[in-house]
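S.K.: I'd like to go over a predicted model; first the sequence, then the structure.
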Amino acid sequence: MPTEHIVKSFDEELQKLNRTLAQMGGAAEAQLEMAVQAFAQRNSELAQQVMQADERLDQFEREIDNEVVRMLALRQPMASDLRNVLSALKVAADLERIGDYSANIAKRAIAISQLPPVRPAQGIVRMGRMVQELIKDVLDAFVERNVDNAVAAWARDEELDDLYTSLFREVLTYMMEDPRTITSCTHLLFIAKNIERIGDHATNIAETLHFLVAGQPLTKIRPKGDQSSFAVVSPDILRGGEP
């Protein structure tokens with residue numbers, strides 16, 4: 001019957017939309033992994049690949065945007081169907097930004113690979129590994145529609161912020177101890193901020209999943225441990241004097 005055909009075709013469209021979103025998530029996850037690896041290995045060639053791969057995420061986002069607009073116009077979804085369609089739009093935007101930040105990390109990795117290594121770089125690698133785990137857990141939770149796992153990952157963003165604040169202070173101290181490292185350390189600060197922002201987009205996806213499944217926003221206050229805006233390193237402290 002025509003009615004059954006319409007419902008079935010809409011279900012197929014929703015499934016296709018979710019598959020495309022899952023593919024985009026996998027591409028974003030892979031791009032982030034390559035960016036962190038390129039930095040850790042000081043591999044300029046791999047970093048170039050990350051930058052070139054960013055276009056693929058842009059294409060995914062355009063495809064999802066077009067499909068969402070078409071479905072809203074022709075299907076006029078309601079309730080959970082509407083949340084499903086709108087959630088795809090929001091998550092695609094977050095994944096595209098994750099790709100942009102990964103490309104930025106790769107760009108800075110190329111610059112740093114041409115400079116002498118500096119000690120705080122190890123902290124960047126730790127941050128990178130942490131945000132990779134966060135992204136993986138959030139995306140897995142989204143595919144499985146597992147709100148509990150998404151909220152658990154959402155709460156872990158505070159750990160990433162704490163690590164970022166600690167690294168921020170370390171890099172500032174390192175720059176003051178040896179001004180010759182200012183160029184390298186400045187690149188490290190930008191990379192660290194990019195990683196911290198990727199964590200924020202991961203929490204956005206977790207919040208979107210909560211809205212998708214529960215039908216209401218996540219009412220908890222988002223955990224934020226980033227205190228870098230208030231970080232002050234005094235030259236007097238470095239000399240062993242009073243602050």
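M.R.: Right, received. Where do you want to start?
S.K.: wait, what's in contact with residue 132?
M.R.: Neighbour list for residue 132: 29, 32, 33, 36 [criterion: CB atoms under 8 Å, 6 or more residues apart in numbering]. (Glycine included, C-beta is placed from N, CA and C.)
S.K.: Of those, just say which sits nearest to residue 181.
M.R.: Of all those, residue 181 sits closest to residue 36, with 21.3 Å by CB to CB.
S.K.: Do you know the pLDDT at the closest one?
M.R.: Note on residue 36: pLDDT of 97.
S.K.: What strand or helix carries residue 221?
M.R.: Here residue 221, judged by DSSP states H and E, is contained in no helix and no strand.
S.K.: typo on my end, it should be residue 101
M.R.: Per DSSP H and E: helix 79-113 holds residue 101.
S.K.: what about the strands in this structure?
M.R.: For the chain, applying DSSP state E gives no strands.
S.K.: Next, give phi and psi for residue 218.
M.R.: Per-residue torsions, residue 218: phi -70, psi 120 (degrees, to the nearest 10).
S.K.: List the residues that contact it.
M.R.: Contacts of residue 218 by CB under 8 Å, 6+ apart are 151, 154, 206, 207, 210, 211.
S.K.: With distance to residue 106 and neighbour count added, can I get those residues in JSON lines?
M.R.: Putting the contacts of residue 218 into JSON lines (distance: CB to CB, whole Å; neighbours: other CB atoms under 10 Å) gives the following:
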{"residue": "151", "distance to residue 106": "31", "neighbour count": "17"}
{"residue": "154", "distance to residue 106": "26", "neighbour count": "26"}
{"residue": "206", "distance to residue 106": "25", "neighbour count": "26"}
{"residue": "207", "distance to residue 106": "27", "neighbour count": "20"}
{"residue": "210", "distance to residue 106": "31", "neighbour count": "20"}
{"residue": "211", "distance to residue 106": "32", "neighbour count": "16"}
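S.K.: May I see those residues arranged in JSON lines, with distance to residue 143 as well?
M.R.: Shown next, in JSON lines, are these (distance: CB to CB, whole Å):
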{"residue": "151", "distance to residue 143": "16"}
{"residue": "154", "distance to residue 143": "16"}
{"residue": "206", "distance to residue 143": "13"}
{"residue": "207", "distance to residue 143": "16"}
{"residue": "210", "distance to residue 143": "15"}
{"residue": "211", "distance to residue 143": "16"}
